[in-house]
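> sequence? don't have it. structure:
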Ligand SMILES: [Zn+2]
């Protein structure tokens, strides 16, 4: 009651109140109209004019990856080596003896002062080992090209003064030749392999218990950010088995739409048993196959028609052959599934459009997806709507990549086809939105801000003429993402009969000034009529 409800429904875009019964919306209207539904048992939320929207749907993220990133210490914000030692000590106090403590993202160049003592600017493990005597520690550098380990981890890995450097790597040593706990490049494998051994030696029960914990953490994180559904961009059969089990028990908290990531031969054997629509009270849907045809832009892996501007020797990489993709397309058709191919570069996008066009043979209602659709040749832009192909994009990639896109591609390609939401929308393309978390923060409000402003961290805007309107951006995160998954009759707008998946925000993101957007907080996250998150 007493809310500002942006329903995203065609016939009644705004309302004041809504009623929920069971897991569905019963009615939407004015306070007076909804009061009729009150009984003595009704739980009432009076929202003081706050904005109510359909629950956010993240259209492309890696669900267990979100949980796993939360199970590691985030060292990106550490100002000194002493900070990191303190964080490790705190983690050790909460970790059973023998269990690994993992962390990522430290960078000695970001510390306020160099560690002392140090070797080549890198800290010695002594202080770290003192606070973590019973737990092996592995802390990955922000670049991924080096790591820090403590005494326990080195003991398990059998690393001593006499261990030789492996080829392509270095065990950093003090002047007496003793390992200081820092490992460069391939030498990281010495420590990593004992971590992998520990993981491999778990019983099946432990593996499941660990994965359940990861899933619970991921769900909690999503709920705290107002997310009610998520499209999981790549899961194995065995992960789907666990999702299914959790959906049966009622312990899968948010709704998942899963893209299967298995080889063509495994799919041919088993996929018929894995197609699920609205399983477990609409908690789990599996109706899509995930593939990747190229890599990422930052590492020159995205596949382009012309060479990179900053590395003219390469046009990027094709990571999956057309033959394999054509076979995947056939399996999808045979099993009534969608295909969702990751394509970043303009060549990658063109190849996927060609493969889809051939396989779909005039059927423009299959809603096959291109994940990212990040860089497009001008002539391919209209093909999305012509062929009925969905563009599953990520607003936040535009603003985090923006500062270096022109270096990589040159201005012409950046203007023509980089994150061109406006051009795609004007052509009638359905665009979904998401974060690719944990690549980016899963927070929809950060992504929404990027989508409507295209404002980068440096304050500048990346071709703002391609921004979405506030309304379009909200649609991309709700009803359009529902459409991408054939779920637009179940969710994505607040209408009688639909699932009661609702998010309440502290500010009206459709109207507040730009600088207020990032100050918006999630007040409630409601799934199927149940309040699963409430800001305290
Ligand atoms: Zn992804």
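Received, thanks. Note that the structure is a prediction, hence the values are computed from the model and not measured. Residues are numbered from 1 along each chain as shown.
> which one is the most centrally placed residue in the chain nearest to, not counting chain neighbours?
Using CA atoms, centre = their mean, the residue of the chain that lies closest to the mean C-alpha position is residue 437, 2.1 Å off. Using CB to CB, 6 or more residues apart in numbering and skipping the chain neighbours, the partner closest in space to residue 437 is residue 61 (4.3 Å). Using the backbone N, CA and C atoms, a C-beta is placed for each residue, glycine as well.
> Pretty sure residue 432 is one of the things that neighbour touches, is it not?
No: contact criterion CB atoms under 8 Å: residue 61 and residue 432 do not qualify, at 11.5 Å.
> Any chance you could list residues touching both of these two?
Counting by CB atoms under 8 Å, 6 or more residues apart in numbering, the shared contacts of residue 61 and residue 432 are residue 231.
> what about those two, which has more around it?
Applying other CB atoms under 10 Å to residue 61 and residue 432 shows that residue 432 carries more neighbours, namely 28 against 23.
> Near the ion, which residues of this structure? Just list them.
Proximity of the chain to the ion (CB under 5 Å from the ion) is limited to residues 233, 436.
> For the longest helix belonging to the chain, which helices and strands make contact with it?
Counting residues, the longest helix found in the chain (DSSP state H) is helix 395-417. The contact analysis (3 or more CB pairs under 8 Å, 6 or more residues apart in numbering; DSSP states H and E) places helix 395-417 against helix 444-453.
> Now do the helix it packs on against helix 395-417, angle only.
Angle of helix 444-453 versus helix 395-417, following axes from the mean of the first three to the mean of the last three CA atoms, to 10 degrees, is 20 degrees.
> Which elements pack onto helix 444-453?
Applying 3+ CB pairs under 8 Å, 6+ apart, one finds that helix 444-453 contacts helix 395-417, helix 470-476, helix 514-517.
> Look up the closest residue to whichever residue of the stretch 301-450 of the chain sits closest to the ion, ignoring the ones flanking it.
Proximity of the stretch 301-450 of the chain to the ion (CB to the ion) peaks at residue 436, 4.4 Å away. Nearest residue to residue 436 in three dimensions, chain neighbours excluded: residue 394, at 5.2 Å (CB to CB, 6+ apart).
> tell me the contacts of that neighbour?
60, 372, 433, 434, 435, 436, 440, 447.
> In three-state terms, label the fourth one for me.
Spelled out, it's residue 434. coil (DSSP: H, G, I helix; E, B strand; the rest coil).
> what's the answer for the first one, then?
Local secondary structure at residue 60 is given as strand here, using three-state DSSP.
> May I ask you to confirm that it is in contact with residue 371?
Yes: the pair residue 60 / residue 371 is scored as a contact, 5.6 Å apart, by CB under 8 Å.
> if we can go back for a sec, if you count neighbours, what's buried in the longest helix of the chain?
For helix 395-417, burial by neighbour count (16 or more other CB atoms under 10 Å) applies to 395-402, 405-406, 408-410, 413-414, 416-417.
> what's the following helix or strand after it?
Downstream of helix 395-417, the next assigned helix or strand under DSSP states H and E is helix 421-426.
> coming back round to it: residue contacts, the residue nearest to the centre of the chain?
For residue 437, the contacting residues are 58, 61, 62, 65, 66, by CB under 8 Å, 6+ apart.
> about what we covered before: quick one: which of the helices and strands packed on helix 444-453 is nearest residue 532?
helix 470-476 (20.9 Å; CB to CB).
> what does that closest one contact?
6, 8, 53, 59, 393, 395, 421, 425, 431-433, 448, 451-452, 468, 509-511.
> So what's the gap between stretch 385-394 and the chain middle?
Put simply, stretch 385-394 sits 19 Å off its chain's centre (CA atoms, centre = their mean, to the nearest Å).
> Please identify the buried residues of it?
385, 387, 388, 389, 390, 391, 392, 393, 394.
> I'd like those residues as a markdown table, with pLDDT appended.
Supplementary listing: the buried residues of stretch 385-394 in a markdown table, determined by pLDDT from 0 to 100:
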| residue | pLDDT |
| --- | --- |
| 385 | 98 |
| 387 | 98 |
| 388 | 98 |
| 389 | 98 |
| 390 | 98 |
| 391 | 98 |
| 392 | 98 |
| 393 | 98 |
| 394 | 98 |
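> quick check, nearest of these to residue 484?
residue 390 (4.8 Å).
> That closest one contacts residue 372, doesn't it?
No: judged on CB under 8 Å, residue 390 makes no contact with residue 372 at a distance of 11.8 Å.
> Show me where the stretch 201-350 of the chain has its helices.
For the stretch 201-350 of the chain, applying DSSP state H, counting those that start in this stretch gives helices covering 204-224, 237-249, 264-270, 279-282, 322-334, 346-360.
> for those, which one sits closest to residue 188?
Among the helices of the stretch 201-350 of the chain, if distance is taken as CB to CB, the winner is helix 204-224, at 22.3 Å.
> what angle do the closest one and helix 237-249 make?
Put simply, helix 204-224 runs at 70 degrees to helix 237-249, going by the same axes, to 10 degrees.
> If you count contacts, what does helix 204-224 end up packed against?
helix 63-70, helix 237-249, strand 522-527, strand 530-534.
> Mind doing that once more with 7 Å?
Packing partners of helix 204-224 (3 or more CB pairs under 7 Å, 6 or more residues apart in numbering; DSSP states H and E): helix 63-70, helix 237-249, strand 530-534.
> next structured bit after the first one?
By that I understand helix 63-70. Once the chain leaves helix 63-70, the next helix or strand it forms, by DSSP H and E, is strand 73-74.
> Show residues contacting the next helix or strand along the chain from that next one.
Downstream of strand 73-74, the first helix or strand assigned by DSSP H and E is helix 81-93. Outside of helix 81-93, the residues within contact range by CB atoms under 7 Å, 6 or more residues apart in numbering are 73, 75, 78, 101, 106, 111, 115, 123, 127-128, 131-132, 135, 137.
> Can you lay out those as CSV showing secondary structure and neighbour count?
Below are these laid out as CSV (DSSP: H, G, I helix; E, B strand; the rest coil; neighbours: other CB atoms under 10 Å):
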residue, secondary structure, neighbour count
73, strand, 19
75, coil, 21
78, coil, 23
101, strand, 23
106, strand, 25
111, coil, 18
115, coil, 18
123, strand, 25
127, helix, 19
128, helix, 25
131, helix, 18
132, coil, 23
135, coil, 19
137, strand, 28
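> how about a markdown table for these, with pLDDT and distance to residue 48 added?
Formatted as a markdown table, these follow (pLDDT from 0 to 100; distance: CB to CB, whole Å):
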| residue | pLDDT | distance to residue 48 |
| --- | --- | --- |
| 73 | 95 | 38 |
| 75 | 94 | 40 |
| 78 | 93 | 40 |
| 101 | 96 | 44 |
| 106 | 91 | 43 |
| 111 | 93 | 45 |
| 115 | 95 | 51 |
| 123 | 97 | 51 |
| 127 | 97 | 51 |
| 128 | 98 | 49 |
| 131 | 98 | 47 |
| 132 | 98 | 48 |
| 135 | 97 | 47 |
| 137 | 98 | 48 |
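> Pull the number of nearby residues for residue 471.
Neighbour tally, residue 471, other CB under 10 Å: 13.
> Quick check: pLDDT value at it.
What the model reports as pLDDT for residue 471 is 98.
> Helix, strand, or coil at the residue lying farthest from the centre of the chain?
Going by CA atoms, centre = their mean, the residue of the chain most distant from its centre is residue 176, 45.3 Å out. Following three-state DSSP, residue 176 is assigned to coil.
> got a pLDDT number for it?
pLDDT at residue 176 comes out at 95.
> now it: how far from the ion?
46 Å (CB to the ion, to the nearest Å).
> how many other residues sit next to the closest residue to that residue other than its chain neighbours?
Ranked by CB to CB, 6+ apart and with sequence neighbours excluded, the top spatial neighbour of residue 176 is residue 161, at 7.7 Å. Burial of residue 161 is recorded as 11 neighbouring residues (other CB under 10 Å).
> What of the one 10 residues further on?
Counted with other CB under 10 Å, the burial measure for residue 171 works out to 25 neighbours.
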